[in-house]
Every structure is written in C-alpha cells, then in structure tokens.
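Student: no FASTA, just this:
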Ligand SMILES: [Mg+2]
Ligand SMILES: [Zn+2]
C-alpha cells in the first residue's frame, strides 16, 4: 500500500475486489482552438481576451474543425492500439451550464474516431492490460470562478471563455483495473505516452490532463458488478490513488454493514483527504445527443491513417528497448531515464556529445536529478545546460579533475552557468597526478606525521587515510587519490 | 407604372441620372410611407450613408469595378448579423443585441457596394408562415393589409412587393422565402442547400436553413444570388463546387425542356382559385415549348411530419445559447436555474417555445428512435424520390402555397398553420433549389408558381422562372394599397 | 399516446423554459395533436433506409491549424447583460 493508505484498506481488499475504470481528458497541443482561430494556449491570458464570435457562441456563428486536432487524436489512438473506423462524426451533447456557451458541447457519441485499444504495463512485476474503450474528440468548456463563498453574502459566479473550444481528447478506459496502484500506473503510462507523441503537455495541476474515476466493489470471486461511484476533482497521481483507496474503504465498510452504495458523483477534497458527495439539484441528465448538422462527417481513409502512423514519434517502450540495445543500459536505468521525455532527450544529447552512456545515466539519475528537483530547473533550461554538463563529465572522465571537484563544480555551475573547462583553467583546479610533484608532498607528509606512520606500520590500516588526507590538504583536494595511496604504500612498506 | 428593378436602377446610376445617396433616400422615404405594414423593424441609416458614399466613389472613380448591385438599396431580414447593427431575430430575447461580426452574405453584398437601408420584420427566429409570430408585431400584406404576407420572411417580401426596395434578403427553412413571395406577388428564390454560406444567419434549423433573395424580376434574383453564392471558409456545410454563372441560363427559353408535375402536390387541398391559376401557368409553360408530365413523390404526405421533427429538434439546440449570459435578455434571479427559466420563459414567444418543447421531446431519451431517427430515415426517402424524378425531368413545377394570403388570426391552431408549408418544405428536406414566381390572382390576391430543380442546378430553376416571367406580366402587377411613389427617375 | 403534465414539465425543465400552469396545459394539448399527426411517420417503411442527418453530402470539411485574431475584451463583453470586471457574471450555481 502507498504512504497515504487508509487504515483497514489491506484487510478490506482481501475480501473485496475493486473494479476501476478511468476517463481521461487531455487538451491537444494545437495552435488554434477546435472550431475557431483563437489560440489553444490560453494560460495566463486576461479573462475573455482569447475569444471570438465562434467560441463565444454568438448567434449565427458556425464551427469549422481543426485538421491538426483530428490528426493528433488519431495519433493518440494509434499509440493506444485503437482501431480507426473509416466513418465517424460529431454530435451535440445538450445541457445548460454557464461555461458552455452554445448550450451544447460538440463531442462524439455513437461514431467516435477510434475504438477497441489497450494499454499494457507492469505493476509489481506482473503485466496489467487495460482496455481502451474509445478515444474521441470534443471541445473544452470555459472556466467558472465562484465569488462570495467566503462571507455569507449572496453567491455568484463569473465566466471566462478563454478555454472554451480548446481541442479536448477524451480517452475512456475499460473497467479493467483492480487496485489503486494499477490505476495510478495506468495514468502515469498514459500521460507519458501523450507527452512522448507531442499531443499533450501532461500538466495535471493546470488541468491540461484531467482524470475522473469510476469505482465499484464486489466480493472476491463474485462476477457481477457493484454500484458504480464516479470520482472527480483529482489533480495529481497521488490524489487519484488516495481517492480510490478512500473509496474502497468507504464502500467496503458500508457493504460490511449491509448498507447499499448510492450511485453518485463524489468529489475528492485534498484538504480533508476524503471524497464528498456532489449531489446536484440538477434534474436527471438527458443529453439528447444528435448529429451535429453544422459539421459534415469524417471519412478517415486507410491512407490518412497510415500517414499519421508514419509520423508517429517513438513511444516510451520503444525508447526503453533502444536505450538497452544501443547504449547497454540496464532495464532499471533505461526505465528511469525514459520516465520523463526531457531526461531521455538529455541523455541522448550527452551521449551525442561524446559522454559514455553509463556515466551519462549515472550523472542524470544522481546529482543532476537532485539539482533539477531542488532548483525546479530541468538540465535543458539550467545555466550549465547539456553542453556544460558534457564538458564537466568530460573533464572528470579524462582525469583532468577528480570526483569531488567535479561534484563541487556541478553544484556551483548548474544554475549560474559557465564553461567548466575555463573555470578549471582559471582556478587551477586541474587534478595533480604528476608523480614527481606528488612524491615531494608525500615525503613531507610522512615526515610531519610520525605517529600515523608508526600506527600504520603497526598494522592500523585506517591510519593510512590520515596521511592521504594530509596530502589532499596540501593539494587543496586536487591530488589523484589513487596515485597518493600507491606512493604512500610504496614508501611505508620499505 | 411599376417601380424599377435593380438592373434598371444600375443603368440609371451609370448614366448619372441618379446617385446612390438619392436612391437610398427614396427607398427610406418609400419605406416610411408604408410603415403601417410594420414590415421594417429598424433603419440602418449610418451604414446606408457609408455604403452609398463608397458606392458613389466607386461609380465615379472606377466604374469598371462597379458591379450590378453597386449603389442599389436593399433590405434584409432580422436574422442576418451585421457588426454593430441591432439584430434580434424578431425576438424579445435578443432585443438590443449588436453582433460583433458581419455574416458572409451581407459581407459580400457590402463589398459589392450594395446599400442596406432597413432590417425587415419576420417571425420570431424564422418560425412561422404568417409573420404573426414576431415579438414586434405582425406584418401586413401590401395587397390587403388585413391579411398576412406569409412567413417567416414576411417583411422582406412586403417591402419588395410594395416597391420600396428593388430587392431584399430572406431565409428559407421550410418555405420562408417562397411562401411569402407567393402571398405577396413577388419572386423569391431559395438556393440549393450549401450554395450560400449560413455564417451570420441566426440558425433555426441548421440542416435546412438557406439565405436567398426577393425581387420583382428573375434577373434581379439571379444577380443577387450570384453576388452572395459560393464556398465560405466559415461555413463547413457550404459547397466547394464552383458556382455556375446562372445569368447565362436566363433567356435560353424552355423549348424542349421536360417539366414534371408532382401529382401529390396538385391532388387535393388547393384552393380552387390557386388551382385555376396554376393550371393556366402549366399551359403557358407548354405553349413555351416545354413538355409537362406527371411524376409521383409518394412520401410527400410524410414530409410535414418529418419536417416538424427535424426542424424543432435542431432548433431546440440552436436556441440553447439564448441563456442571458453573454448577450440578450437576462431576467435576474438568485439562482442560475431560475435565471435560465425566467429569461427563456419570458424571452421566447409561444411558437418558439412550442417548437423547442417539441424538439426537446423528440430528442429526449426513449423517444429519439421513434421520432428523430425515424424522421431522418424518411428524409432519405423524400430526397431519393426527388432524385428519381429528376432522372426523367429537368425540373418540377407546382403551386408554392395551397392557399392565398389569409386574414390575420385566421389560423389559430398550430397544425393548420404548419399545413401552409406542405408544398415548400420537402424542397428543404432534400436541399433542392426552389423559386416562386407570380402566376396570377385568386380573389384579387397573388398566386405563386413554384419551380424546383436538382441540387446545384440553381440555373435551371432560374431559367424556367425567367422564361415564364418573360411570357407573362403577373410580376409587373402592383398592389393597390398602399400607394408608393416609384423609385428613381419618376 | 397522450402526454402527461409531468412529461411536459420534465421537457420544459430540460429546455430551461419557465412555463405557467396555463402554458403547461396548452402545450400538452398542442403537442399531443402535433405528435398524433407526426405518428403517421410510423406507417412509412424505412427498414432498408439509412438516416440523413445532412443533405450536403460533404466529408472532412476541415481547416488548417492556424490562429486568427481574437475579439477585443470590450467587444467580447459588449453585449453582456451582467458583467463583473472582464467576466460575464451569473447567479449562484446551486449544486
Ligand atoms: Mg467528455
Ligand atoms: Zn474563438
């Protein structure tokens, strides 16, 4: 169980099996919106400044579909092993809400752009395969801010339509997941794929990648499904896992007490660490879907699909395989390096710059990863950058500087930047590995430390380190440690 | 004497006998003289002034670039959006609404130097056949102000019939151009679906709506059509097929053409006077060298039902945006739901609410298959029957309306009103081009002859209408009341 | 079939139309009459027929992914009946 595991979870999960299905909405990284020429990148623009008559739903306007959004959806569907039917169409989903300007959302109902896919991934060593029901295309809504909640004044809400009409892909997963970890891993893998193929930026906090979950419980061994509860408002992987764990315990306890589960939508409240019912005053939903008369249907020919397939970028698993095959990385290293596409790109750039694959991996997974976390700066955008790091590793590899110096320089230059070679020159940080120069220093240190010498000759191995330390001190840490050890032993064994 | 047509006015402008400003001023005066008809909702004075000046400059400086509509005044239906000009679709819910953009058909006319002088009254959201459903009062028929002008583009038909403007724009979803043209004794043309961009047309039923012109001559109708037709990047349903030069079709006569008479359209339900006028028109067409043969469109009887499921279903969604949030009427209530209910309950008139109810019901869960899906299938049958007919005939001829202009308030129950469109709405279901030309009188009221053609054969429809117009003088008949000073040059 | 008053009320709520009791009853009768007429559709044999949603026969009417200028904030909000700052304002959303 994860850190956030709720007490009793393990015990309940021995008796109850969770049936979990996830529904993901991902904004597409197009230039323009789905049906108009406004920018699909609305983050940070002033309220209602990214709108036009079409996305404002003014009387008399008409939608015109964005071809790139169609291609990105097909690209995604192919990456998720979906079939692309030759004929698909858009439909109107009718409901009233202030963030939905037209009073209907243009979506896809009975003829989506893709169906019958799957995503497979390992969880604690065993392969989990989750079916993908469909990947379809629709338009995002605007955003609402609720004002006046704080004081008990009359509540009112304000509407910003900058986001209205942004291309939104809906990825509906089959209820094939059985544990919160599986659900979390499914999302991690799905997000990774969308980012790798360049259709989505995978930002859960800003909501460009959103997830709703359906979960029901049933007694282990039983085949029929329990009552389904929908969970919303989870904006991190951890939140998804915690919300599902919470629901398993909540529903499990109700079932233990012989109580019925209400079919409802519940919202995850991070602060409370709980889901709460969103029983809406809305009358029973009836979306009255019907074919969008303003948009001719789609006919995606085999040619079209194959052209999209040909342009499909490398998928995470393909990269993992390649990192092992071509660069001899271990399965573990390959997985860590490829988790975030930025790391994968950095790795390939370092190798391209002549750094040995193994040490490129070690540096990235070690100190660089730590610094990137601490400074919130990925290597690419750090002061040091790929070339700087490549040069730094180069110095260390060729023995121009020793390990400690290299680490110190990384710390110093990561944010502020600078050319490691120049810095080493300027400060004379180059490693001292000239035997003649070191011999003199070694003799002096032996002469100055008779006690340590006799301890060592008396059989105290660790006494040697006191002498090594002395030499290091004398060379301001630049001495070649291996050579110093060797020289000391030679002299003291005489 | 009859008021001049647009082409005649174009000649006067070129000869320098008059100016765009003068024509606009006369049109304005004539429209005010018929203000009792309530055909005009508002005047577009500043826009008219700008356009007239611009046209005058073009005519003076680069006459070769002045098209046939340059400097000619016109009026347009209150469902067509022009930036900054109040556009209400004849509804209280859009009172004061000023669109932030100009629709494509109007854009093209403005670019051609045309001079819009007024916005015409119409049934609310283009729903009606008598113009009695306007939130701003009914429109009178120039031939008898006590009678309806037809609908929904009644105002656009009336101002042309009264001779105040040479042409106007209307929209036709189930007959809303052809039926009022018939009842007012003018020519009204509904182009092939997809031929004229719907961008800027406040939608009633998206898969049926089409913009088209009213005029007092087929040549004018063809000229306006040419100016507004053609593919538009803003309307995905506009056709990329190049527009044929329809003017070439005019004057070719109908010698040897095969015209079909749909037996179901003349079988029963026609007023005797209408039947008489139509039969005379048929023999006239034969005299002109066409052969008339009876064809059958058996599913016609189901057309009305099909239309009154599909159109309301689409309108129930199209009118959902009238929610009082971004524009239009807003009746404030503490809760959002109550604000919606109050705003829409009070903002829409009875007929619009009736159709939204009908369409919402037809789409609601449990009824979709029985109504909406079924109607979509019958629509296919209706379209196929037309196609089959056009395999043997070049065009179809029939009455536009089974009856002449009726007295205001005569049709109180919805169904009897809906029946006014039985002869026009199948054409919209099949997306065909259709025109109504004056073909006589019954009880002193105009009767219209409808010509229907295959999809994208708008030219054929205009050709038949033009041949008939040239052989007859019905289009030149003027309504007795109200008297309107003819246009320029008098 | 005849519509019940509750069905009419449900449809009116779906369509967000605030109707008076009189309107409710009027529409119940009128929709009944219209639907009775419309039921003639059921006599048409459509067993071998596909639906027509659009008559245009067009396919893949798409555009290139290019940005076009937006409206100014003032133009976007110019028709707003209720405005707060540069937002549209609506009443309390009770959920
Ligand atoms: Mg969705
Ligand atoms: Zn826009």
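Tutor: Received the coordinates, thanks. It should be emphasised that the depicted structure is a prediction, and the values quoted were computed from it without experimental measurement. Ligands and ions are numbered 1, 2, ... in the order given.

Student: low-scoring stretches of the chain, by residue?
Tutor: If you meant another chain, say so; for now it's chain A. Residue ranges of chain A with pLDDT under 70: A:1-5, A:147-154, A:279-284, A:494.

Student: can you look at chain C instead?
Tutor: Applying pLDDT under 70 to chain C flags residues C:1, C:94-95.

Student: which residues in it form strands?
Tutor: Taking DSSP state E, the strands of chain C run over residues C:62-63, C:83-84, C:87-91.

Student: which one of those strands is the most hemmed in?
Tutor: Mean neighbour count (mean count of other CB atoms under 10 Å in any protein chain shown) peaks for strand C:87-91 among the strands of chain C, with a mean of 23. The way it works is simple: take the backbone N, C-alpha and C, and place the C-beta from them, glycine included.

Student: still on that earlier bit, out of the strands of chain C, nearest to residue A:276?
Tutor: Nearest to residue A:276, of all those, is strand C:87-91, at 23.4 Å by CB to CB.

Student: give the other helices and strands that the closest one contacts.
Tutor: strand A:156-160, helix B:336-347 (3 or more CB pairs under 8 Å, 6 or more residues apart in numbering or on different chains; DSSP states H and E).

Student: which SS state does the closest residue to ligand 2 within the stretch 201-350 of chain B fall under?
Tutor: Ligand 2 sits closest to residue B:234 of the stretch 201-350 of chain B, with a gap of 11.9 Å, by CB to the ion. Here residue B:234 is coil, with the state taken from DSSP: H, G, I helix; E, B strand; the rest coil.

Student: for it, which non-adjacent residue is closest in space?
Tutor: Excluding its sequence neighbours, the residue lying closest to residue B:234 (CB to CB, 6 or more residues apart in numbering or on different chains) is residue B:199, at 3.9 Å.

Student: my guess is the one you found contacts residue A:63. True?
Tutor: No - the pair residue B:199 and residue A:63 fails to qualify as a contact (CB atoms under 8 Å) at a distance of 10.5 Å.

Student: more crowded one of the two?
Tutor: When neighbours are counted by other CB atoms under 10 Å in any protein chain shown, residue B:199 comes out ahead of the other of residue B:199 and residue A:63, with 27 against 22.

Student: pull the longest helix from the chain.
Tutor: Since you didn't name a chain, this refers to chain A. Taking DSSP state H as the criterion, chain A has its longest helix at helix A:237-256.

Student: right idea, wrong chain: chain C
Tutor: Max-length helix for chain C by DSSP H is helix C:21-38.

Student: so what does that helix touch, helix or strand wise?
Tutor: For helix C:21-38, the elements it packs on are helix B:300-318, helix B:350-363, helix B:414-418, helix C:5-14, judged by 3+ CB pairs under 8 Å, 6+ apart.

Student: and chain A, which of its residues are near chain B?
Tutor: A:53, A:56-65, A:92, A:94, A:96, A:98, A:101-104, A:154, A:157, A:159, A:161, A:281, A:286, A:288-290, A:293-296 (CB under 8 Å from any CB of the partner chain).

Student: who's in contact with the residue of chain C found nearest ligand 2?
Tutor: The minimum distance from chain C to ligand 2, using CB to the ion, falls at residue C:70 (6.4 Å). Counting by CB atoms under 8 Å, 6 or more residues apart in numbering or on different chains, residue C:70 touches A:38, A:39, A:49, A:50, A:51, A:52, C:76.

Student: if we ignore the residues flanking it in sequence, what's nearest the residue nearest the centre of chain C?
Tutor: Nearest residue to the geometric centre of chain C (CA atoms, centre = their mean): residue C:15, 6.6 Å. Using CB to CB, 6+ apart and skipping residues adjacent in sequence, the residue nearest residue C:15 is residue B:360, 4.4 Å away.

Student: and the residue of the stretch 251-400 of chain A closest to ligand 2?
Tutor: Nearest residue of the stretch 251-400 of chain A to ligand 2 (CB to the ion) works out as residue A:294 at 14.9 Å.

Student: great, nothing more from me.
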